[in-house]
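Enquirer: Give me coordinates for this.
(chains A and B)
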Amino acid sequence: MKVQILGIGCPKCRKLEANARKAIDELGIDAEVEKVQDIKKISTFGVMMTPALTIDGKVKCSGEIASPEKIKKWLQEAG
Amino acid sequence: MWISILFSGVQALLEYLSAHVLACLVPAFFIAGAISSMIRKEVILKYFGPGANKGLSYAVASVAGTVLAVCSCTILPLFSGIYTMGAGIGPATTFLYSGPAINLLAIIYSARLLGGDLGLARAAGAVSFSIIIGLIMSAVFEKKRKEKAEFAPAANPEKPQKSGLATLLFFADLVAILFMGAWGKWWTVSFLLAMLLILLKLWFTKEEVLSWLRSTWQFVLLILPWLLVGVFAAGIIKAILPPEVIQTWVGGNALRPNFIASVVGALMYFATLTEVPILKAFLDLGMGKGPALALLLAGPALSLPNMLVIRSIMGTKKALVYIGLVVVMSTLIGMIFGNFVF
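Expert: Numbering: from 1, shown residues only, chains lettered A, B, ... in the order given. Okay, here's the model as predicted:
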C-alpha cells in the first residue's frame, strides 16, 4: 500500500505526514509513505487545497489535516 | 551601538504586547479558524473549474482570498490548480494577486495598525486591480494554450455542511465580537460571548467545536512566531535607518517613490502579516501613504522564492509578464490612492 502526502512543505503538511505515520504504526501494517512536494505533480492529482493525502493514488482528503483516527479508517477500507 | 539597536527591537515587542495591538487579532484568529474548519471549500472551488462562467470565475477569484488564503503555502497550490486544470490563466493570476492582500487576518491587522483608510484601500485596490491583471494575462496568453487537463475536484464527503442559519449566526456573532472588542465595548462583548456559548451548545457537536479550536490554534502557531519576529525587525529598522533615507526614496506620492516601493515589495519576502509592522516602521520614518500601499500590494503577492515557483508553473515568459504587471499596477494604485484618496 502506498500513502502519499501532497504539500509544498509547510507546517500543516508535516503535521499530516506525522498523523499518517502514526496511523500506519498503530495499525501495524506495511505501507510506504511518500511526500509529493512538486507543485506540478500535486496538480495532476486534481488537488487544489493542500495538504492532501492519497492512498494508492486515490485522494482521501484535501485542505485539512486529517486526524490519525480518520486516516486509520481509510487505511482499513483500502485493505 | 548594537546594544541600543537590540534594545529598540525588544522595546517594540514590549510595546506591542502591552498596548493590546495584538488583541484585535485574537477574535480574528478564531474567525480564521472557523472559516477553515466549517466552510466547505468545494463550494468555492467549483467556480474555478474549466466549465465555470468566466465572469463569475474572475469575481470569485478576486475575493476568494478572504476565505481561502492564509499563507502562501495555500495560495500557490490553488494557483497551480486553477491554472493547469481549471478556469485558466486569467482567474488564476487574479487569485494570485488578490489572495494574500485580502485574507481576513491581513485586512483586520492592517486596518488596526496602519489606519482604516490604508486597510480598506489595500482590500479595495487588490480586488479591483487583480481582475484587471487577470484580464490582461488572459488576453495576452489564453489563445496560445491548447489542451486542458481533466478537472476532477477531490471531494471531501465526510465534511457535512451545517445548517445555513446556525453557521450564519455563528459567524455574525464572531464578527460582532471582533468589532465590539476593537471599540472597547466590553459589556456587549461579554453578552455576545454568552450568546456564542448558547449557539455552540444548541447547534454544534463537540467534534465540530474541537475542530474549530484546533484550527484556530494551528493558525496561532503558524503565524504568531513570525509576527513577533516581524515586530522585532520593525523595531530594529526604526533604530538603524535614518529617516532621511526613507524620506528621500519613498517619501511623497510621486511616481518614483511608488515605483521603488513596489519593486522592493516584489523582491522582499514577507511571512504572513509581518509586512504590517514593518510597514508601520517605514510610515513612522516618513514613508508616503501611496508608496506604503504599493508595497502592501506588491509585497505579499510576490517574493523571490515565490517568483521561482510561478516561473516553474507558467514558464519564464508568462512569469515575467505577470511580475511586470504586478509592479506596474501596484505603482499605479499607490499613485492614485496617494494623490486622490488619502
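
Enquirer: what's the pLDDT at residue B:265?
Expert: Residue B:265 carries a pLDDT value of 91.

Enquirer: any idea which element it lies in?
Expert: helix B:255-267 (DSSP states H and E).

Enquirer: What parts of chain A come near chain B?
Expert: Remark: the part of chain A in contact with chain B comprises A:7-13, A:15, A:39-40, A:42-50, A:52, A:59, A:61-65, A:70, using C-beta under 8 Å from any C-beta of the partner chain. Backbone N, C-alpha and C define where each C-beta goes, glycine included.

Enquirer: picking up where we left off before, check which helices and strands the helix holding residue B:265 is in contact with.
Expert: In terms of contacts (3 or more C-beta pairs under 8 Å, 6 or more residues apart in numbering or on different chains; DSSP states H and E), helix B:255-267 is packed against helix B:243-250, helix B:289-301, helix B:316-336.

Enquirer: for the longest one, what is the average pLDDT?
Expert: So the one you mean is helix B:316-336. When pLDDT is averaged over helix B:316-336, the result is 94.

Enquirer: now it against helix B:289-301, angle please.
Expert: Orientation of helix B:316-336 against helix B:289-301 (axes from the mean of the first three to the mean of the last three C-alpha atoms, to 10 degrees) gives an angle of 150 degrees.

Enquirer: mind listing what the closest residue to residue B:102 other than its chain neighbours touches?
Expert: What sits nearest to residue B:102 in space, not counting adjacent residues and going by C-beta to C-beta, 6 or more residues apart in numbering or on different chains, is residue B:65, at 4.6 Å. The neighbourhood of residue B:65, defined by C-beta atoms under 8 Å, 6 or more residues apart in numbering or on different chains, consists of B:75, B:95, B:98, B:99, B:100, B:101, B:102, B:103, B:126.

Enquirer: buried sites along the lowest-mean-pLDDT helix or strand in chain A?
Expert: Considering only helices and strands, the least confidently modelled element of chain A by mean pLDDT, DSSP states H and E is helix A:39-44, at a mean of 86. If you call a residue buried by 16 or more other C-beta atoms under 10 Å in any protein chain shown, then helix A:39-44 has these buried ones: A:39, A:42, A:43.

Enquirer: Contact partners for the first one?
Expert: Listed by C-beta under 8 Å, 6+ apart, the contact partners of residue A:39 are A:8, B:76, B:77, B:80, B:309, B:312, B:313.

Enquirer: just the last one next, same as before
Expert: In this structure, residue A:43 makes contact with B:77, B:80, B:81, B:84, B:85, B:149, judged by C-beta under 8 Å, 6+ apart.

Enquirer: now residue A:5, what's its secondary structure?
Expert: With DSSP: H, G, I helix; E, B strand; the rest coil as the basis, residue A:5 sits in strand.

Enquirer: That one and residue A:18 touch, don't they?
Expert: No. The pair formed by residue A:5 and residue A:18 falls short of the contact definition of C-beta atoms under 8 Å, at 9.7 Å.

Enquirer: center of chain A - which residue?
Expert: The C-alpha lying nearest the average C-alpha coordinate of chain A belongs to residue A:53 (C-alpha atoms, centre = their mean; 2.7 Å).

Enquirer: which strands and helices sit next to whichever strand or helix holds that residue?
Expert: Taking DSSP H and E as the definition, residue A:53 sits inside strand A:52-55. For strand A:52-55, the contact count by 3+ C-beta pairs under 8 Å, 6+ apart identifies strand A:2-6, strand A:58-62, helix A:68-78 as packing neighbours.

Enquirer: Report the distance from that strand to the chain centre.
Expert: 4 Å (C-alpha atoms, centre = their mean, to the nearest Å).
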